[in-house]
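> the sequence and its predicted three-dimensional model are supplied below.
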Amino acid sequence: MKIQHALITAFTLSFLIFFQISQAQLHIGFNGGLNQSRLSGPEERIEGAGETLSSTSGFHIAMRISYDFNDWFAIGGGIGYTQRGVQRDYGGPSFFRFRTTDGRSVVYDGQRQQQLSDNTDHIDLPLFVQFSPVKRIQFYGGPYFSSTLAAQGGGRLRFTEASFQGEAPQLETGLEYSYFGDDPGIGGEMDDQRVEMAGDVVLVPELLSAYPELETLDETLYRRWHYGIHTGVNLYVSSGLYFNIEWMYGLNDMTRQAADLAISERSEDGEFQFRDDYDRFITWRFSIGFSF
């Protein structure tokens with residue numbers, strides 16, 4: 001009797017599960033739009049001057065698949081491309097490593113004015129649980145995993161050595177960073193601009209790469225992956241067309257201490273210092289989508 005009762009229970013559960021699945025519907029959707037992102041972390045400041053971190057704009061495009069068990073509950077996932085970034089500006093006391101015309105590497109203290117915009121490209125893999133309390137409104141949330149495809153930066157750097165009495169900066173050059181591809185150190189060619197810096201003649205390349213102050217590089221600044229949580233809402237204006245608002249909050253540190261050089265000051269013995277900041281991406285996405 002126990003075996004018969006167990007078989008009846010198993011058959012009943014299997015039937016209920018099959019019936020529930022047969023009532024479920026698979027939906028595939030695509031959405032794309034603009035996003036606003038920032039790198040949330042401590043700013044490097046000294047005596048009221050220093051770094052400011054601000055948000056940047058980008059775009060995203062994604063595909064999502066949801067498995068609707070009924071009118072109000074679904075689970076799903078997706079894949080998408082997202083641009084993230086941060087505006088990293090600095091103004092205040094600093095230092096810079098130059099290469100002299102006779103081949104030496106010399107570090108000078110002075111004042112730095114720097115505008116740097118970092119942009120990173122990501123492939124996101126979100127998972128979510130979705131609820132629909134009323135018709136045409138869907139709330140969802142869950143974890144996401146992301147792979148960083150590329151990390152680049154661009155901007156302008158101006159530097160004036162501490163003992164210089166002139167008004168114009170001695171160094172003024174462009175920044176063109178490829179965080180995953182650039183080698184450490186400041187390059188220089190015979191036809192580069194040359195300026196006098198505290199008695200030395202130094203080379204000033206037209207563009208600086210990502211790690212000019214470092215002589216060795218064990219790890220890149222940005223990590224190749226990150227993960228976090230996301231939540232959002234879909235507002236349907238018809239059976240298939242919807243507007244989407246989504247918030248994505250990174251949970252792991254996106255920058256590595258080994259390459260995160262503190263540019264405001266050096267140690268008492270003149271050695272470089274590195275920042276162990278916890279920098280995470282926070283992203284708002286606004287999009288239009290279609291589901292079928």
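Done, it's in.
> after the helix or strand of the chain with the lowest mean pLDDT, next one along is what?
Scoring the helices and strands of the chain by mean pLDDT, DSSP states H and E places helix 2-23 at the bottom, with a mean of 45. Tracing the chain past helix 2-23, the next element assigned as helix or strand by DSSP states H and E is strand 25-40.
> that following strand pairs with which strands, and in what direction?
Partners of strand 25-40 in the sheet, by DSSP bridges, are strand 56-68 (antiparallel), strand 280-291 (antiparallel).
> so for the longest strand out of those in the chain, mean pLDDT?
If you go by DSSP state E, the chain has its longest strand at strand 105-134. Mean per-residue pLDDT for strand 105-134: 96.
> counting by contacts, list what it packs against.
Under the contact criterion of 3 or more CB pairs under 8 Å, 6 or more residues apart in numbering; DSSP states H and E, strand 105-134 touches strand 56-68, strand 73-99, strand 137-161, strand 171-178. For the C-beta atoms, the positions are set from N, CA and C on the backbone; glycine is no exception.
> quick one on the thing from earlier: mind checking which of the strands paired with strand 25-40 is nearest I79?
strand 56-68 (5.8 Å; CB to CB).
> list the buried residues in that closest one.
Across strand 56-68, burial judged by 16 or more other CB atoms under 10 Å covers 56, 58, 60, 62, 64, 66, 68.
> report the contact partners of the closest residue to Y222 other than its chain neighbours.
Distances taken as CB to CB, 6 or more residues apart in numbering place A151 nearest to Y222, at 4.2 Å, with adjacent residues excluded. Contact analysis of A151 by CB atoms under 8 Å, 6 or more residues apart in numbering lists 118-121, 178-180, 220-222.
> run through the protein and note the low-pLDDT ranges.
Scanning the chain for pLDDT under 70 picks out 1-24, 187-191.
> just put the strands paired with strand 25-40 in CSV and tack on distance to D269.
Listed next are those as CSV, based on distance: least, CB to CB, whole Å:
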stretch, distance to D269
strand 56-68, 37
strand 280-291, 32
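> closest one to Y140 among these?
Across those, closest to Y140 is strand 56-68 (CB to CB), at 8.4 Å.
> identify the residues contacting the closest one?
24-38, 74-87, 117-119, 124, 126, 130, 285, 287, 289, 291.
> same deal with stretch 269-277?
41-42, 44, 107, 213-214, 253, 255, 257-262, 265-267.
> restricted to helices, list those residues.
Using DSSP state H, no member of those falls in helices.
> from the residues you listed, list the buried ones, please.
Neighbour-count burial (16+ other CB under 10 Å) is assigned, among those, to 41, 44, 213-214, 253, 255, 259-262, 265.
> what's the most distant pair in those?
D253 and E265, at 22.6 Å, using CB to CB across the buried ones among the contacts of stretch 269-277.
> I'd say R280 and G41 touch.
Yes: proximity of R280 to G41 meets the contact threshold set by CB atoms under 8 Å, at 7.0 Å.
> next, format the buried residues of strand 56-68 as CSV and append distance to G50.
CSV is the format used below for the buried residues of strand 56-68 (distance: CB to CB, whole Å):
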residue, distance to G50
T56, 19
G58, 26
H60, 31
A62, 37
R64, 41
S66, 46
D68, 51
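> just name the closest of those to G174, please.
Closest to G174 out of the buried residues of strand 56-68 is T56 (18.4 Å), distances taken as CB to CB.
> who does that closest one bridge with?
Per DSSP bridges, the residues bridged to T56 are S37.
> what do you get for F30?
Assessed by DSSP bridges, F30 has beta-bridge partners M63, F290.
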